[in-house]
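**Q** sequence isn't available, so here's the structure alone:
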């Protein structure tokens with residue numbers, strides 16, 4: 001009789017172990033899925049996908065050759081692109097700065113005239129050692 005009781009105990013323990021393993025596999029599978037969902041939601045939150053009431057972009061459409069830096073009601077600040085330029089002139093929306101030749105990465109400060117958003121500024125320039133007669137523009141908000 002004692003021998004039979006030991007076998008029943010082993011059967012019961014074996015079934016419980018199988019159920020425990022199945023439960024752990026279930027929890028691990030869903031645990032990983034939940035962890036991945038949390039990581040994806042955190043990444044979307046960090047990118048600002050869930051932000052409501054976005055502010056307007058300060059320059060759109062913006063300059064294609066020059067990098068927009070900042071502006072206020074009296075001045076526009078741009079950064080020159082990758083090449084040397086000369087004969088820089090403002091043809092609309094501002095006045096031409098005293099310096100008309102810029103190296104790559106130079107800061108260009110343009111005095112604005114009649115600023116009232118949306119305000120479009122158009123510039124013309126020549127690339128040194130390249131083609132002449134380029135124009136570029138941006139709308140300030």
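**A** Thanks, I have the structure now. Everything numeric in this text was worked out from a predicted model, so none of it was measured.

**Q** what bridges to residue 94?
**A** The partner list for residue 94 in beta bridges (DSSP bridges) reads residue 112.

**Q** pretty sure it contacts residue 111?
**A** Yes. Between residue 94 and residue 111 there is a contact at 5.8 Å, judged by C-beta atoms under 8 Å. In short, each C-beta sits where N, CA and C put it, glycine included.

**Q** those two: which has the busier surroundings?
**A** residue 94 (22 against 13; other C-beta atoms under 10 Å).

**Q** tell me how far that one lies from residue 115.
**A** Per C-beta to C-beta, to the nearest Å, residue 94 is found 9 Å from residue 115.

**Q** for the residue most central in space within the chain, give me its contacts.
**A** Centroid-nearest residue in the chain, with C-alpha atoms, centre = their mean: residue 47, separated by 7.4 Å. By C-beta atoms under 8 Å, 6 or more residues apart in numbering, the contact set of residue 47 is empty.

**Q** that one and residue 41: what is the separation?
**A** 11 Å.

**Q** and the protein, what are its domains?
**A** If you go by automatic domain parsing, the domain ranges for the chain are 1-54, 67-140.

**Q** ranking those by mean pLDDT, which is last?
**A** Ranked by mean pLDDT, these end with domain 1-54 in last place, scoring a mean of 78.
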